[in-house]
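**Q** Prediction below, plus the sequence it came from.
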Amino acid sequence: MCLIYNFYTFEKYCRKYGLKVIVDLHAAPGSQNGFEHSASRDASQEWGLTHENIRQTINVIDFLTARYVKSPSLYAIELINEPLSPGVSLSSLEEYYQGGYDAVRAHSQTVYVVLSNRLGSEAKPRELFALASGFKGAVIDVHYYSLFSNIFDNMTVQENIDFIHTNRSSELSYLTTSNGPLIFVGMTSFFGVY
């Protein structure tokens, strides 16, 4: 992943080398997860608690889609990155995803719309399946981290690889069904002893 400060300069490189771009909203009004990368300085998480900040975020998606939709490099719009449960309820996230999807579709019928799975204690791997199944061109983004849990602290590189092969493969098999939505592993981490 890279942060793009000048999309148009970057877009020239994308066209030159045949790359595609996913515009991924990492910081929503009120912070969707309380982490620094989502615009929270004090670990507060207030996104989704009001219809106002959901509406503001839909307006951001509408603006970004309108701005970049004519670029041949635009491949997808990810509506929000890593909403965290229980702070973000499934109902507020679904309300937002419906509005965000509609905002993207007002500008394009072909750009993929990416829905980030929630992280956290209340999140369920398939909780967005019903919603995504009603959306044309929807993709569910899942993130697998292997460094934010103590079970990885003393693993060797090979043990880490084996864990990913065994556990992540079965998790992905559970998510990738023949009649379910498309699945995208947007972020992952690998950390081991070197």
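**A** Nice, thanks for sending it over. Quick caveat, the model's predicted, so the values are computed rather than measured.
**Q** Regarding Val104, what is its secondary structure?
**A** helix (DSSP: H, G, I helix; E, B strand; the rest coil).
**Q** I'd guessed it sits against Leu74; true?
**A** No: taking C-beta atoms under 8 Å as the definition, Val104 is not a contact partner of Leu74, at 10.4 Å. Any C-beta I mention is one placed from the backbone N, CA and C, and that applies to glycine too.
**Q** which one of these two has more residues nearby?
**A** Val104 (28 against 23; other C-beta atoms under 10 Å).
**Q** From Tyr112, how far off is that one?
**A** 9 Å (C-beta to C-beta, to the nearest Å).
**Q** Determine the residues that are contacts of both of Val104 and Leu74.
**A** Residues within reach of Val104 and of Leu74 at once, by C-beta atoms under 8 Å, 6 or more residues apart in numbering, are Val111.
**Q** Strands of the chain, start to end?
**A** For the chain, the strands defined by DSSP state E occupy 21-24, 74-78, 84-85, 112-116, 119-120, 138-144, 182-188.
**Q** just so I know, which of the ones you listed lies nearest Gly48?
**A** For the strands of the chain, the distance to Gly48 is smallest for strand 84-85, at 10.0 Å, taking C-beta to C-beta.
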